[in-house]
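Q: Sequence plus the predicted model coming up.
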Amino acid sequence: MEKNAFKSKQIMLEKHNNNAVIVDHFHKKFKDVNIGPLSFNIEKGKITALLGSSGSGKSVFLNSLLGATLNYEGNIYIDGKERKKSNSIENNSKVGFYSQMDFSLYSITAYDFLYNMCNVMGLNKTLIKSRIEYWLKKFDLWTSKDKPLNAFSWGMKNRMNLILCFIKEPEILILDEPGANLDSKWRGESYKILKEFKEKFNSTIILTVHNIDEVYNIIENFVILEKGKLLFSGSEEELNLYKKINVSFEKDVVLAEVEKLLNQHNILTFNCDLGLNSLVIGLNKQQNFNDALDILEKNHMQPKDVVPQVINMDSIKKALEDKETPYKPKYEPLEEFAIDSSDASLGIDKALNFLNKIEDKYKNILNLNKYDIKVALSNNLVLISDDSAKTSITNSDPLVLSDTSNTSQDVLTESEINTIKTDFFDKVQELKNLKAEINQIVAEQKTEINLNIDDLQNYFEKVKLESEIIHEAKKTFEDQTANLKVLLQQTESETEALEFKKTDLQIKIDELKALQDEISLASASEYEQFDLIKAEFSTKLDDLKTYIEKSENSLTNEMQSKMNEFKEFENQFKDLVAVQREIIQDEIKEFKSYLTQIQIESDEINSSRSNLDKDLSALKQSNEEFLTKVDLENEQVENQKFELNAKINELKKLQEEIAVATIAEYKEIDSIKADFTNKLLDLKNYIENISEETKIIQESKTEYLEKIKEFKEYHDEFNKTASVEKETIKNSLFELKEFMSQIQIEASEINTFKNGMATKKVNLTNEDSSSIKPSNLEIIKLKEEIEKLKFEMSEQQNIKKYYGASQGLHNGFVEHNMQQQMWQQNIASLKDQELEKIKSDLNKEKEYFEQLRKEMAFEKEMNQKLAKFDSEMKQRENILELERIRREIQEEKSKLNEILLIQKFNK
Ligand SMILES: Nc1ncnc2c1ncn2[C@@H]1O[C@H](COP(=O)(O)OP(=O)(O)OP(=O)(O)O)[C@@H](O)[C@H]1O
């Protein structure tokens with residue numbers, strides 16, 4: 001038994017493999033309320049609306065579907081798996097659920113929140129970043145990705161909830177009131193995204209909504225609950241639900257005609273309101289209201305007002321009630337209606353044929369003899385008949401074209417007239433469509449074609465006006481003919497009366513004649529009396545005759561003049577018709593040539609169109625190629641963007657560092673600058689001082705140079721004297737050498753004496769140390785003498801070095817000892833003077849060198865300052881370099897920003 005139940009369940013599930021959800025006798029019992037038993041299916045890859053009034057059990061069912069409630073009878077199968085037993089993470093990953101989560105306590109950023117949630121959902125790590133970016137951008141929250149969630153508005157929070165639901169890209173999406181808390185723009189947008197999502201992933205979407213009207217266009221299936229029971233489950237067609245629109249018209253539009261027209265095009269009509277001249281039209285999913293409008297417009301039944309009717313639970317319930325007696329259109333649908341506006345040449349052919357046809361009909365009228373026709377006009381259609389008495393001329397009469405020669409052949413039926421009328425307006429419409437196409441393809445020809453179409457309209461207006469004039473003229477002509485007839489009848493009856501009068505008179509004359517005869521028979525007196533009466537009577541008779549003649553004459557004259565007038569009018573009418581005929585023929589010729597022109601243009605357009613088609617396909621191909629290229633480039637750009645962002649961040653950091661460094665450096669520069677300006681001021685003062693000192697030095701220098709010059713001159717002179725004296729000294733030296741050798745001899749003698757004395761001394765030391773003392777004194781004395789001699793010798797040498805001996809000295813070395821003292825005195829005084837001079841010169845030189853040293857020290861100081869200045873300048877240059885680098889970075893950054901902006905724009 002159980003096995004069989006299992007088998008039947010298997011079969012049921014297999015049967016329903018195109019269903020994402022199978023609800024099998026779901027039953028949830030509460031204390032006072034029962035939800036179920038419910039059995040229905042939710043089709044895979046479709047959008048199903050779960051509808052029902054408040055408390056109907058939608059939430060109870062959704063909670064059970066989500067697995068939040070497992071305590072119910074019956075079963076819910078998701079993808080063939082029993083919900084109660086398959087509440088695992090794996091199975092839940094197939095389901096996405098939208099609920100209104102409140103983020104008021106979440107200070108985490110939107111991006112981080114989604115990142116964490118994706119991890120929790122077990123999304124592949126490589127997908128997370130791209131998914132987050134895609135969905136945040138889709139819901140316009142990418143720019144707020146780093147904002148904390150508790151700073152989001154209600155609308156933004158709701159969009160976050162939707163992202164949470166979509167980001168998983170699940171097979172089944174369950175959305176409980178997705179439009180709540182969203183503005184109308186985002187409600188519409190999210191329904192659009194929902195549809196896109198379904199188409200992209202072939203997902204099954206189950207949603208509950210309050211305003212079904214807003215989502216009607218995307219819903220494919222309906223599940224309707226009412227007080228815990230299933231009211232309906234199936235497609236829109238099965239629900240018999242139509243999008244209803246109330247359309248009202250001007251008073252002159254006949255609703256019956258509108259209804260007939262729409263029905264013939266498979267558009268349902270409901271609820272005619274004759275008072276407001278409006279009716280309700282019903283459109284199914286495949287029908288577009290714009291198509292209905294086009295049909296009405298083409299047939300000159302433009303609506304005055306259009307009010308769409310809201311689809312709500314009431315209208316759904318009504319649709320369910322009406323389901324038993326489905327609406328059937330009153331009028332049979334037309335097999336073919338739409339004009340293929342893409343085939344412009346066909347339209348022109350049709351227009352040509354149609355206009356030729358009209359021309360034929362006009363020819364028919366124009367070629368008729370005026371005597372053969374009786375003319376009347378009905379609206380703008382010409383009514384012609386060979387027998388006006390037989391034809392009822394009313395405004396609603398159909399168009400009748402008649403030729404006296406063959407009346408029956410040219411009579412058109414009402415349906416033929418309607419076809420001609422529809423054809424005519426169709427052709428005009430086709431011409432309009434053609435005009436629109438020409439406008440699109442050849443913009444330059446637009447004005448010309450517009451003018452032509454205007455001309456065409458003017459032409460028809462003119463024809464209409466002219467036919468109205470003809471109609472008026474014909475009417476006047478007919479009126480006058482009728483008047484003439486009446487006049488003729490009057491004249492005839494008057495003539496008849498006169499005839500009667502004449503016979504009466506004749507009878508009376510005859511009677512009178514008889515009476516005359518009787519009277520002639522009577523007496524002569526009576527005869528005389530009778531003659532008198534006779535004369536009287538004859539005058540009266542004459543009067544009567546002249547009266548009759550007169551009246552006869554006036555009648556014939558009047559008739560004659562009327563006949564003349566009639567003839568004149570007839571001629572005029574003839575001329576008018578001839579003129580009109582010529583005009584119409586000319587215009588038809590013009591129109592024909594215009595049409596051939598249009599034909600030529602149309603051919604040209606067709607050829608250009610085929611070229612354009614070729615170009616278009618080429619363009620499409622290149623566009624596709626371009627798009628793939630763009631995709632590739634986009635990818636590259638994304639990478640580049642990422643790199644650029646990283647670089648920008650680096651640059652930003654660098655910039656910040658530079659900015660900090662620059663500020664510090666600026667401060668330093670400022671202090672250096674201040675120091676520098678102070679120093680510069682000092683330097684200036686110093687330089688001023690120096691320049692003054694330099695002036696003084698310069699002056700003293702020139703003085704000193706002059707003195708040096710003098711000294712040099714003196715020196716030269718001295719050198720001259722010295723060279724002379726040198727010779728003398730040479731001689732003296734020779735003498736001195738000899739004197740020296742003598743002295744050396746004496747010295748050797750002294751040394752021998754000294755040695756003798758030394759041996760004596762040794763001996764004496766050996767004998768008695770006290771006996772050494774007197775010999776020591778002698779030695780000291782001798783030593784002093786030798787020292788003295790040495791001093792004198794060196795002095796003499798020195799003197800000889802500097803000055804030649806005075807001329808007295810030349811007198812021989814023999815007198816040397818005698819003159820030596822004198823010479824020494826002179827030399828000493830000379831030497832003192834010279835030495836004094838040299839000393840002062842040396843002092844001056846020393847001063848000069850001191851000055852030079854000072855100058856050099858100053859120069860050194862200046863050099864040091866310059867070096868410092870240079871280093872400061874270098875520092876300053878470094879700062880300027882930094883500034884330049886900073887500017888370059890700024891420029892680089894703005895370039896990058898531009899590139900980014902262009903990339904964004906391109907995207
Ligand atoms: N836990 C419960 N205990 C008792 N009755 C409940 C419980 N949950 C729901 N109900 C009842 O079940 C019925 C259906 O409720 P449910 O919430 O499914 O309605 P709904 O269709 O979602 O309505 P709404 O559109 O207002 O949200 C209501 O009458 C409700 O009172």
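A: Yep, that arrived. What you are looking at is a predicted structure, and each value in this text was computed from that prediction instead of being measured. Numbering: from 1, shown residues only.
Q: how about the residues of this protein near the ligand?
A: By CB under 6 Å from any ligand atom, the part of the chain that sits against the ligand consists of 30, 33, 35, 52, 54-60. Heads up, the C-betas are built off the backbone N, CA and C, glycines and all.
Q: Surely residue 224 is within a helix?
A: No - read with DSSP: H, G, I helix; E, B strand; the rest coil, residue 224 is strand and lies in no helix.
Q: what's around it, how many residues?
A: 23 (other CB atoms under 10 Å).
Q: Distance of residue 711 relative to residue 27?
A: 141 Å (CB to CB, to the nearest Å).
Q: quick one: which of these two has more around it?
A: More neighbours surround residue 711 than the other of residue 711 and residue 27, with 17 against 14 (other CB under 10 Å).
Q: Next up, the contacts around that one.
A: residue 841 (CB atoms under 8 Å, 6 or more residues apart in numbering).
Q: Please identify the helix or strand for it.
A: helix 524-767 (DSSP states H and E).
Q: before we move on, back to that, please flag which of the residues of the chain next to the ligand sit within strands.
A: 35, 52 (DSSP state E).
Q: Filter the residues of the chain next to the ligand down to the buried ones.
A: 35, 52, 56-58, 60 (16 or more other CB atoms under 10 Å).
Q: Flag the least confident of those residues.
A: Among those, residue 52 has the lowest pLDDT, at 88.
Q: contacting residues for that one?
A: By CB under 8 Å, 6+ apart, residue 52 lies in contact with 58, 224-226, 231, 313.
Q: I'd like to know which of the residues you listed is nearest to the ligand.
A: Taking CB to the nearest ligand atom as the measure, the ligand lies nearest residue 58 of those, at 3.6 Å.
Q: how near is residue 660 to residue 886?
A: 11 Å.
Q: give me the number of residues near the residue of the stretch 501-650 of the chain found nearest the ligand?
A: Nearest residue of the stretch 501-650 of the chain to the ligand (CB to the nearest ligand atom) works out as residue 638 at 44.1 Å. A count of neighbours around residue 638, defined by other CB under 10 Å, yields 14.
Q: before we move on, what about residue 131?
A: 20.
Q: which ones are touching the spatially closest residue to it that is not a sequence neighbour?
A: The shortest distance from residue 131 to any non-neighbouring residue, by CB to CB, 6 or more residues apart in numbering, is to residue 167 (5.4 Å). The neighbours of residue 167, taking CB under 8 Å, 6+ apart as the test, are 114, 117-118, 121, 123, 131-132, 135.
Q: swap in residue 176?
A: Here residue 176 is in contact with 58-59, 62, 97-100, 207-208 (CB under 8 Å, 6+ apart).
Q: Apply 10 Å and report the result again.
A: Neighbouring residues of residue 176 by CB atoms under 10 Å, 6 or more residues apart in numbering: 50, 58-59, 62-63, 66, 97-100, 206-209.
Q: Please apply the same query to residue 669.
A: Contact analysis of residue 669 by CB under 10 Å, 6+ apart lists 662, 676, 872, 875-876, 878-880.
Q: Going through those residues, which ones are buried?
A: 662, 676, 872, 879.
Q: Format the residues you listed as TSV; extra columns: distance to residue 707 and pLDDT.
A: Listed next are the buried ones among the contacts of residue 669 as TSV, based on distance: CB to CB, whole Å; pLDDT from 0 to 100:
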residue	distance to residue 707	pLDDT
662	61	70
676	43	72
872	43	80
879	53	81
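Q: Farthest pair within the residues you listed?
A: 662 and 676 (18.9 Å; CB to CB).
Q: Residue 131 and residue 189, how far apart?
A: 19 Å.
Q: Same question for residue 616.
A: Counting by CB to CB - residue 616 and residue 189 are separated by 31 Å.
Q: out of the two, which sits in the more crowded spot?
A: residue 189 (17 against 12).
Q: ok, and for the helix or strand containing that one, which residues are buried?
A: When elements are assigned from DSSP H and E, residue 189 belongs to helix 184-201. Buried residues in helix 184-201, counted by 16+ other CB under 10 Å: 186-187, 189-191, 193-194, 197-198.
Q: Widest-spaced pair of these?
A: 186 and 198 (18.3 Å).
Q: circling back to that earlier point, could you point out which of the buried ones among the contacts of residue 669 is nearest to residue 724?
A: When these are compared for distance to residue 724 (CB to CB), residue 872 wins out at 63.9 Å.
Q: just to revisit the earlier point, with respect to residue 621, which of the contacts of residue 52 is nearest?
A: residue 224 (48.9 Å).
Q: which residues does the closest one form a beta bridge with?
A: Here residue 224 sits in beta bridges with residue 51, residue 232, as judged by DSSP bridges.
Q: got a list of what it touches?
A: Here residue 224 is in contact with 40, 49-53, 56, 58, 230-234, 239, 313, 316-317, 320 (CB under 10 Å, 6+ apart).
Q: Quick one: buried ones out of these?
A: Neighbour-count burial (16+ other CB under 10 Å) is assigned, among the contacts of residue 224, to 40, 49-52, 56, 58, 230-233, 239, 313, 316, 320.
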